[in-house]
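[1] After the sequence you'll find the predicted model.
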Amino acid sequence: MKPIGRTFCCMVLSAFLFLPGCVILGKSKEYKPFETAKLEELKTGESTASDVLRLFGAPSEVVKLSNGNAYVFQRTQSKGTGLILFILNMGYTNTHHDRLVCFFNDDDVLTHYGVTMDADNAAYGLP
């Protein structure tokens with residue numbers, strides 16, 4: 001059996017280096033930010049759990065507290081990039097969230113709420 005020659009190895013390596021590659025950019029499509037007008041409708045001491053559900057839909061999570069409930073609404077935005085070459089594949093994903101947490105007393109009246117708006121900070125990056 002004859003050993004593989006240096007010329008053949010150089011030809012194969014050169015072919016891999018010059019093969020076409022692909023760059024992929026992706027963004028989550030389910031992201032829908034909280035509407036400012038709906039957030040302004042939240043009134044502590046007045047709004048009820050039904051009002052909040054009407055405005056924002058089903059919560060992502062319901063937390064049972066000793067003196068009521070907390071509804072967590074989360075919107076997630078992810079952006080990703082990828083680089084696909086014949087030998088080497090790399091990827092990068094950046095995920096940020098908008099989060100609204102509403103606290104209700106035992107009578108389902110809104111006692112307070114908090115909002116974090118961070119989803120717009122999701123960014124494309126180098127793999």
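    Perfect, I can see it now. Every value quoted in this text rests on a predicted model; they were computed, and no experiment measured them.
[2] For residue 32, the count of nearby residues, please.
    Here the number of neighbours of residue 32 (other C-beta atoms under 10 Å) works out to 11. No exception for glycine: its C-beta is placed from N, CA and C like everyone else's.
[3] Distance check, it against residue 51.
    19 Å (C-beta to C-beta, to the nearest Å).
[4] show me where this protein has strands.
    For the chain, the strands defined by DSSP state E occupy 22-27, 61-65, 68-84, 89-104, 110-117.
[5] could those strands be laid out in JSON lines, adding mean pLDDT, mean neighbour count and distance to residue 42?
    Formatted as JSON lines, these follow (pLDDT from 0 to 100; neighbours: other C-beta atoms under 10 Å; distance: least, C-beta to C-beta, whole Å):
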{"stretch": "strand 22-27", "mean pLDDT": "76", "mean neighbour count": "10", "distance to residue 42": "29"}
{"stretch": "strand 61-65", "mean pLDDT": "97", "mean neighbour count": "10", "distance to residue 42": "17"}
{"stretch": "strand 68-84", "mean pLDDT": "92", "mean neighbour count": "17", "distance to residue 42": "11"}
{"stretch": "strand 89-104", "mean pLDDT": "93", "mean neighbour count": "17", "distance to residue 42": "7"}
{"stretch": "strand 110-117", "mean pLDDT": "96", "mean neighbour count": "15", "distance to residue 42": "6"}
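[6] Could you export the ones you listed to CSV, including columns for distance to residue 46?
    Output for the strands of the chain, formatted as CSV (distance: least, C-beta to C-beta, whole Å):
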stretch, distance to residue 46
strand 22-27, 37
strand 61-65, 20
strand 68-84, 15
strand 89-104, 12
strand 110-117, 7
